[in-house]
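Asker: What shape does this take:
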Amino acid sequence: RSSGCNPSPLTDGTRIYAYYKSGDLAALDFEGNVVWHHNLQDMYGEDTLWWDLGTSPVLTSRYLVVACIQTGPSYLAAFEPATGEVAWKVDRNLGAPVEAAQTYSTPVVVEYNGHEQIVVLGADHVTCHDAATGKELWQVGGLNPDQEQYFRSISSPAVTNDVVIAPYARGNTVTGIRMGGAGDVTDSHVLWTKQGLGADVPTPAAVDGKAYVCTDKGRLVCLDAETGENLWEWDPPKGHDAYSSSPILAGGCVYLTREDGTTFVVRLGDKPELVAENRLGEYTVATPVFVDGMVLVRTEAHLFCIRD
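Answerer: Residues are numbered from 1 along each chain as shown. Got it, this is the predicted structure:
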């Protein structure tokens, strides 16, 4: 279901940054000219992922950061956005077995106690790094207590109210982790773990102390980020297709896009309410983008722009 161009491009309003399965990382201007270009495999070693690439580059206030987490040497690397110069590179090798060492998730840039940090999920751990230097600040292990060999991670973490929401184990678990501390904080900062609830592919949405988890079958679960309590659940109309797109929060609603191109719009509240069901009729695995009153949806064949 994937391709070598899964990573989402991103922009800081000055340049566009794109990353590909080939190892190519590039910055372009808005006329399409290449400003700078690297091949990370040439620089740091071959790609050993069993499947296509999934992780997207992210921007901090200073750098463009890419996470390469795989079987063999794994790392985070930061680049100067204007020039492509390497700002820092740190290893992230945590001893996860076989395919469990491989990650397709995207890091999350957050501010904690006035300091910019990067939260990374994969290889049976959540790690947190200083955004300025890449230094690991803390780590939580135990996401794969039985050392299952094939627990590669696709879904990315989410953060709200200084709590990391970490889906893992091919959709079998979701774990809440308090940010902060130093070193291995597995025993002190894990708030809760829920079994049989998570998603293998969709990334949770999280805001205002609540996490919204969409399972691979489309069940939407609202959790209290602090306690892990199920506040409510909502099941979509029955369908044979799975969900790869991540839920998006906008305008007091959550948007869930099924692989057949159907988007369900669910109004949030004490009791969730389905308010719209919109069909594009094309295979869709990408997550919609909401910007300036528009919804952008990339299907297998088209890019749709939907607006009032």
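Asker: how about the most centrally placed residue in the chain, what does it touch?
Answerer: Geometric centre of the chain, nearest residue: S156, 2.9 Å, by CA atoms, centre = their mean. S156 makes contact with 105-108, 121, 203, 246, according to CB atoms under 8 Å, 6 or more residues apart in numbering. Any C-beta I mention is one placed from the backbone N, CA and C, and that applies to glycine too.
Asker: swap the cut-off to 7 Å and go again
Answerer: S156 makes contacts with 105-106, 108, 121, 203, as judged by CB atoms under 7 Å, 6 or more residues apart in numbering.
Asker: what residue ranges in the stretch 151-300 of the chain score low on pLDDT?
Answerer: Within the stretch 151-300 of the chain, no stretch falls below the threshold (pLDDT under 70).
Asker: what about the nearest residue to Q139 once chain neighbours are set aside, neighbour count?
Answerer: Distance criterion CB to CB, 6 or more residues apart in numbering; nearest residue to Q139, sequence neighbours excluded, is T127 at 4.6 Å. When neighbours are counted by other CB atoms under 10 Å, T127 registers 23.
Asker: Just confirm T127 contacts L121, I think it does.
Answerer: No - using CB atoms under 7 Å, T127 makes no contact with L121, being 8.3 Å away.
Asker: quick revisit: which one (most neighbours) among the contacts of S156?
Answerer: Counting by other CB under 10 Å, L121 has the largest number of neighbours within these, with 31 neighbours.
Asker: what sits against that one?
Answerer: By CB under 7 Å, 6+ apart, L121 lies in contact with 105, 153, 156-157, 166.
Asker: if we can go back for a sec, state whether the residue nearest to Q139 is indeed within a strand.
Answerer: Yes - assignment of T127 by DSSP: H, G, I helix; E, B strand; the rest coil places it within a strand.
Asker: In contact with it: list those residues for me.
Answerer: 92, 120, 136, 139.
Asker: Need these in TSV (columns: pLDDT and neighbour count).
Answerer: Output for these, formatted as TSV (pLDDT from 0 to 100; neighbours: other CB atoms under 10 Å):
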residue	pLDDT	neighbour count
R92	97	21
V120	98	26
E136	98	18
Q139	98	20
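Asker: Mind checking which of those residues are in helices?
Answerer: Counting by DSSP state H, these place none of their members in helices.
Asker: now, which of those residues lie within strands?
Answerer: Of the contacts of T127, the ones assigned to strands by DSSP state E are 120, 136, 139.
Asker: can you redo those as a markdown table with distance to R307?
Answerer: Shown next, in a markdown table, are those (distance: CB to CB, whole Å):
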| residue | distance to R307 |
| --- | --- |
| V120 | 35 |
| E136 | 43 |
| Q139 | 43 |
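Asker: Relative to Q195, which of these is nearest.
Answerer: Nearest to Q195 among these is Q139, at 22.1 Å by CB to CB.
Asker: Beta-bridge partners for that closest one, please?
Answerer: Beta-bridge pairing of Q139 under DSSP bridges involves T127, D184.
Asker: contacting residues around it?
Answerer: Per CB under 7 Å, 6+ apart, neighbours of Q139: 125-127, 184.
Asker: Turn the contacts of L121 into JSON lines, including secondary structure and distance to A26.
Answerer: Converted to JSON lines, the contacts of L121 look like this (DSSP: H, G, I helix; E, B strand; the rest coil; distance: CB to CB, whole Å):
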{"residue": "S105", "secondary structure": "coil", "distance to A26": "22"}
{"residue": "S153", "secondary structure": "strand", "distance to A26": "26"}
{"residue": "S156", "secondary structure": "coil", "distance to A26": "22"}
{"residue": "P157", "secondary structure": "coil", "distance to A26": "26"}
{"residue": "A166", "secondary structure": "strand", "distance to A26": "30"}
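Asker: Helix, strand, or coil at V90?
Answerer: strand.
Asker: Would you agree Y17 is in contact with L64?
Answerer: Yes - look at Y17 against L64 with CB under 7 Å: they come within range, at 5.5 Å.
Asker: closest to C214 among the contacts of T127?
Answerer: Distance ranking of these against C214, using CB to CB, places V120 first at 21.6 Å.
Asker: how close does that closest one get to L223?
Answerer: According to CB to CB, to the nearest Å, V120 stands 21 Å off from L223.
Asker: try G45
Answerer: 38 Å.
Asker: D42: what's it in contact with?
Answerer: The neighbours of D42, taking CB under 7 Å, 6+ apart as the test, are G23.
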